[in-house]
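A.B. asks: Give me a 3D structure for the following:
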Amino acid sequence: MNTIKKVLTSVASALLSVSILTGCTSADKTAISDTADKFLSIVKNGTNEDIEKYASAEVSEGEFVKTFDSEYLKQNFMDGFVSSEVDDETLARVEAFCSLFSDMIVDYKISEVTVNKDGTGTVVAMIDTSFPIDVIDNAEALEMIEQEAEVYYAENEEQIVAMYEEKTEEEVEAYIYNDMITKIIDVYEKLIEEASPETYAITLKLEKNTETDSWYVTNVSSYDESTSSDTQIATETATTLESTSGSSEGSSSTASSEKSE
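C.D. replies: This next block holds a predicted model:
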């Protein structure tokens with residue numbers, strides 16, 4: 001009888017332990033999923049408001065978030081130009097263009113949530129975008145801009161010469177400068193309009209704040225990268241605006257060089 005009691009007690013303890021562990025894992029999974037959902041919702045909305053509640057500083061101030069932040073995009077885009085030369089009408093075009101990136105994510109879905117043995121969490125999510133993230137960061141865009149600049153000067157040479165006779169050099173150069181920025185944006189918007197929607201798989205790494213008993217995102221990577229290295233920042237999935245702005249700055253320098261000529 002005592003042996004039977006010991007066996008039953010042992011089995012009951014084991015079942016209780018499993019129950020407790022399962023309950024804990026289930027609660028953590030729910031909390032991890034909820035945090036990931038709030039984080040992605042903020043990114044989808046194209047702002048960074050309250051994002052520090054759900055992500056580390058490295059992530060909330062990182063390139064993945066900035067890629068969809070219209071204010072950051074506008075500043076990064078404008079950094080490629082001489083801001084004193086940009087008029088209000090052109091600035092409005094820049095703001096409207098950058099807003100396209102804020103609305104880029106049309107939907108997202110959390111497809112997998114895992115509580116890892118080391119106490120961290122992993123979330124795999126699918127992000128649907130209205131156009132590819134790197135749509136303006138490619139050789140095609142730069143070539144189109146260079147062609148547009150050549151056509152512009154060929155078609156407007158006489159008008160520009162006439163303007164130099166009626167206006168100051170600074171006024172003419174400012175006019176050309178704003179015209180070229182508008183042409184660059186026209187090229188970018190055309191590429192976006194003709195682009196097809198894309199779906200990206202990303203992996204979020206989360207850790208738990210033991211003081212607040214809350215989870216927060218500590219890393220964003222592409223799904224393929226995360227399977228080989230959890231420490232790499234997403235470069236395939238979320239082409240950073242730093243590289244995108246590199247294209248913009250290259251385009252801007254075209255306008256700047258033409259302006260100086």
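
A.B. asks: From now on I want contacts and neighbour counts done on CA atoms only, so please keep to that.
C.D. replies: OK.

A.B. asks: what about Thr212, which helix or strand?
C.D. replies: For Thr212, there is no host helix or strand (DSSP states H and E).

A.B. asks: and it, how many residues sit next to it?
C.D. replies: For Thr212, the neighbour count with other Cα atoms under 10 Å is 7.

A.B. asks: Relative to Ser221, how far out is the spatially closest residue to Lys38 that is not a sequence neighbour?
C.D. replies: Among residues not flanking Lys38 along the chain, Tyr54 sits closest, at 7.2 Å (Cα to Cα, 6 or more residues apart in numbering). Note on Tyr54: its distance to Ser221, by Cα to Cα, to the nearest Å, is 16 Å.

A.B. asks: ditto for Asn178
C.D. replies: For Asn178, the distance to Ser221 - Cα to Cα - is 38 Å.

A.B. asks: Looking at the two, which one has more neighbours?
C.D. replies: Higher neighbour count among Asn178 and Ser221: Ser221, with 25 against 21, using other Cα under 10 Å.

A.B. asks: Now the residue most central in space within the chain. Its backbone dihedrals?
C.D. replies: The residue lying closest to the centre of the chain (Cα atoms, centre = their mean) is Thr67, at 2.5 Å. Here is the backbone geometry of Thr67 (degrees, to the nearest 10): phi -60, psi -30.

A.B. asks: Enumerate the helices of the stretch 101-250 of the chain by residue range, in sequence order.
C.D. replies: Per DSSP state H, counting those that start in this stretch, the stretch 101-250 of the chain carries helices over the ranges 139-166, 169-194, 223-228, 241-260.

A.B. asks: Glu207 touches Val123, doesn't it?
C.D. replies: No. Taking contacts as Cα atoms under 8 Å, Glu207 lies outside contact range of Val123: 11.3 Å.

A.B. asks: Among the two, which residue is more densely surrounded?
C.D. replies: When Glu207 and Val123 are compared for neighbours, Val123 comes out ahead with 23 against 20, by other Cα under 10 Å.

A.B. asks: Tell me who's in contact with the residue nearest to Lys38.
C.D. replies: Contact analysis of Tyr54 by Cα atoms under 8 Å, 6 or more residues apart in numbering lists Thr35, Ala36, Lys38, Phe39, Trp215, Tyr216, Val217.

A.B. asks: Look up how far Gln147 lies from the nearest residue to Ser56 once chain neighbours are set aside.
C.D. replies: Nearest residue to Ser56, sequence neighbours excluded (Cα to Cα, 6+ apart): Thr218, at 5.4 Å. As for Thr218, its distance to Gln147 is 43 Å (criterion: Cα to Cα).

A.B. asks: quick revisit: number of residues surrounding the residue nearest to Ser56?
C.D. replies: Neighbours of Thr218 under the rule other Cα under 10 Å: 19.
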